[in-house]
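Student: coords please:
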Amino acid sequence: MTEFVMPSLGADMTAGTLAKWRVAVGDTVSHGDIIAEVETDKGIIEVEVFESGVVQALRVKEGEKVPVGTPMAEIGEAEAESGAATVAGAETATETAAESAAAPAAETETETAAETAAASASEAAAAPAAAERVGVREPMRRSGLFEDGPMASPAVRRRAHELDVSLEGLRGSGEHGRITIEDVQRAAKVSVPSGSRDRIRISPYARRIAADRGVDIGQIRGTGPGGAIRADDVLSAEPSRPAEPVSPADRMQRAIAAAMTRANDEIPHYYVEHTIDMGPALGWLRDFNASASIEERLVSGVLVLRAVALALRKHRSLNATWQGGEAVPSDEVNVGLAVSLRGGGLVAPALRNTDEGSLAELMGRMTDLVARARSGTLRSSEMTAATITLTALGERGVESVTPIIFPPQVAIVGCGATVERPWVAGGRVVVRPVMRVTLGADHRVSNGHQGARFLSTLEGLLQEPDKL
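Tutor: This next block holds a predicted model:
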């Protein structure tokens, strides 16, 4: 049995609202199936399931808002149904035996029959549970919920890293000793400054929710260990001041601001910048589009997107995510594309395997991704798979941008507008279309020399657009 939890669909997400279940109890699901629609500050996201099995229970109701990591459903193996049938059959046998015991018969024979049936039922019911206890760690290893060390889901490990909580030695309150989000948050409980009259034990996550909702934590009675205030305590408390109406665009902007503030505080950024001659790329693009149908035509952005992806093949340190205090290189090159939304706000969904396929295929995928981002129909995997982000403000006429890294990524590329500028070529000053590119990267993972080499590789690729 595995738990389907409220996923983290970005570093700025702390909670989500279940908009709709796409499954019911008893349905069989497979890896990649859409199981639910979740509403976040960035719109409605279709959430995929990454386990195969049978839906055993739905714990969260539609319309309910829950913190990231909250168990929402239980998914068991298909064989679990037969096990449940065995238990149900054993219970039926018990009831039948009890009814038979009430029939006229010798008292000793009745008691013996009832005891025998009850014992058989007890053994039958205990057998699946015992088997589950014996084999629980191996299935969880296979499902990705158990790694070397404490038993915890990826969401729990991510939350522990955010709160700087070590899972080693932490006693889990979940099934089979599994560590839950609440266990991590309890371990991260803190106190108000010592100068306060009363010391209030509250987790950083609960404190942040209280601040967002305008809840006076001094009026909350905590239900955690030692009276510690948990997130649930804050969510069930009444705000101490009237909530100000906030538009979806404002909510998204606040969420983005919170995430970028944290990224600025926690990630030691460094920046390198380079101006690239876009003449060869634009010349090739002009010739290509002249002989292509309207549907097959490309835009310059797709050339830059592919060039960034191919450059990452040679500079793997930039194609990684920061997890558990170290950089974890990715086997896939998934460039996240920053998309501005018409109602305000920004999302950066990923184009999986951006370095593969033809430019025409990439153009089609990019167009589809942008359209779905603006219509609010992205998938959860697209919101979490990016290994680097590309943000381009050229269409706004901006010549350069200094972007902030999207955690847990370790690098981001910003492109300005392509403009005509004086350029020295062959000893002569000529007018050329040039684009300024900025790389922002994490100094814990790479350095300026490596960043400069990446931009040099990117420039070389854009000088030979026919090879993209």
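Student: show me where the stretch 201-350 of the chain has strands.
Tutor: 269-277, 320-323, 326-329, 335-337, 339-340, 346-347, 350-351 (DSSP state E, counting those that start in this stretch).
Student: Output the contacting helices and strands for the second one.
Tutor: It stands for strand 320-323. On a contact count with 3 or more Cβ pairs under 8 Å, 6 or more residues apart in numbering; DSSP states H and E, strand 320-323 meets strand 326-329. Backbone N, C-alpha and C define where each C-beta goes, glycine included.
Student: centre of the chain versus the strand it packs on, how much separation?
Tutor: From the chain centre to the centre of strand 326-329 is a distance of 17 Å (Cα atoms, centre = their mean, to the nearest Å).
Student: What of stretch 37-53?
Tutor: 10 Å.
Student: Kindly export it (C-alpha atoms) in CSV.
Tutor: Taking Å, rounded to 0.1, in the frame of the first residue of the first chain, the C-alpha atoms of stretch 37-53 are listed here in CSV:
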residue,chain,number,x,y,z
GLU,A,37,-6.9,18.1,-10.7
VAL,A,38,-5.2,20.4,-8.1
GLU,A,39,-5.7,24.1,-7.9
THR,A,40,-2.6,26.2,-7.0
ASP,A,41,-1.7,29.8,-7.1
LYS,A,42,-0.6,29.1,-10.7
GLY,A,43,-3.9,27.6,-11.9
ILE,A,44,-5.3,24.1,-12.3
ILE,A,45,-2.7,21.4,-12.6
GLU,A,46,-3.4,17.8,-13.8
VAL,A,47,-1.7,15.5,-11.3
GLU,A,48,-0.3,12.2,-12.4
VAL,A,49,0.2,9.1,-10.4
PHE,A,50,3.6,7.4,-10.4
GLU,A,51,2.4,4.0,-8.9
SER,A,52,0.3,1.3,-10.5
GLY,A,53,-2.4,-0.5,-8.6
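Student: Report the mean confidence score over that stretch.
Tutor: Stretch 37-53 comes out with an average pLDDT of 85.
Student: picking up where we left off before, reformat the strands of the stretch 201-350 of the chain as JSON lines; add distance to Ala187 and mean neighbour count.
Tutor: Formatted as JSON lines, the strands of the stretch 201-350 of the chain follow (distance: least, Cβ to Cβ, whole Å; neighbours: other Cβ atoms under 10 Å):
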{"stretch": "strand 269-277", "distance to Ala187": "30", "mean neighbour count": "17"}
{"stretch": "strand 320-323", "distance to Ala187": "19", "mean neighbour count": "18"}
{"stretch": "strand 326-329", "distance to Ala187": "21", "mean neighbour count": "14"}
{"stretch": "strand 335-337", "distance to Ala187": "32", "mean neighbour count": "25"}
{"stretch": "strand 339-340", "distance to Ala187": "37", "mean neighbour count": "18"}
{"stretch": "strand 346-347", "distance to Ala187": "32", "mean neighbour count": "20"}
{"stretch": "strand 350-351", "distance to Ala187": "32", "mean neighbour count": "24"}
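Student: so which of these comes closest to Asp183?
Tutor: Closest of these to Asp183 is strand 320-323, at 19.5 Å (criterion: Cβ to Cβ).
Student: got a list of contacts for that closest one?
Tutor: Defining contact as Cβ atoms under 8 Å, 6 or more residues apart in numbering, one finds that strand 320-323 is touched by 158, 161, 267, 327-330, 387, 407-410, 442, 444-445.
Student: Let me see the contact set for Leu390.
Tutor: Contacts here follow Cβ under 8 Å, 6+ apart; on that basis Leu390 touches 304-305, 308, 335-338, 412-415.
Student: Mind putting those residues into CSV with pLDDT and distance to Ser166?
Tutor: Listed next are the contacts of Leu390 as CSV, based on pLDDT from 0 to 100; distance: Cβ to Cβ, whole Å:
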residue, pLDDT, distance to Ser166
Val304, 97, 42
Leu305, 97, 39
Val308, 98, 36
Val335, 97, 33
Gly336, 96, 30
Leu337, 95, 36
Ala338, 93, 34
Ile412, 97, 29
Val413, 98, 34
Gly414, 96, 36
Cys415, 96, 40
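Student: List just the nearest of those residues to Gly426.
Tutor: Checking those one by one against Gly426 (Cβ to Cβ), the nearest turns out to be Val304, at 25.3 Å.
Student: and the residue nearest to Gly279 when sequence neighbours are not counted, what are its bridge partners?
Tutor: Computed as Cβ to Cβ, 6 or more residues apart in numbering, the closest residue to Gly279 that is not its neighbour in sequence is Arg432, at 5.3 Å. For Arg432, the beta-bridge partners are Arg421 (DSSP bridges).
Student: ok, now Met151?
Tutor: According to DSSP bridges, Phe146 are recorded as the beta-bridge partners of Met151.
Student: ditto for Arg436
Tutor: Going by DSSP bridges, Arg436 forms beta bridges with Thr275.
Student: which residues touch it?
Tutor: 273-276, 399-400, 415-416.
Student: do Val54 as well
Tutor: 26-29, 75-78, 80-81.
Student: Let me know the closest of the contacts of Leu390 to Met260.
Tutor: Distance ranking of those against Met260, using Cβ to Cβ, places Ile412 first at 11.0 Å.
Student: so the closest one is in which element?
Tutor: Following DSSP states H and E, one finds Ile412 within strand 411-425.
Student: and if you look at Arg372?
Tutor: Assessed by DSSP H and E, Arg372 sits inside helix 359-375.
Student: Mind listing what's buried along that helix?
Tutor: Going by neighbour count (16 or more other Cβ atoms under 10 Å), the buried part of helix 359-375 is 359, 362-363, 365-366, 369-370, 372-374.
Student: now for that helix, which elements pack on it?
Tutor: Counting contacts by 3+ Cβ pairs under 8 Å, 6+ apart, helix 359-375 packs against helix 300-314, strand 335-337, strand 339-340, strand 350-351.
Student: Can you say which of the strands of the stretch 201-350 of the chain is nearest to Ser52?
Tutor: Counting by Cβ to Cβ, Ser52 lies closest to strand 350-351 out of those; the figure is 23.1 Å.
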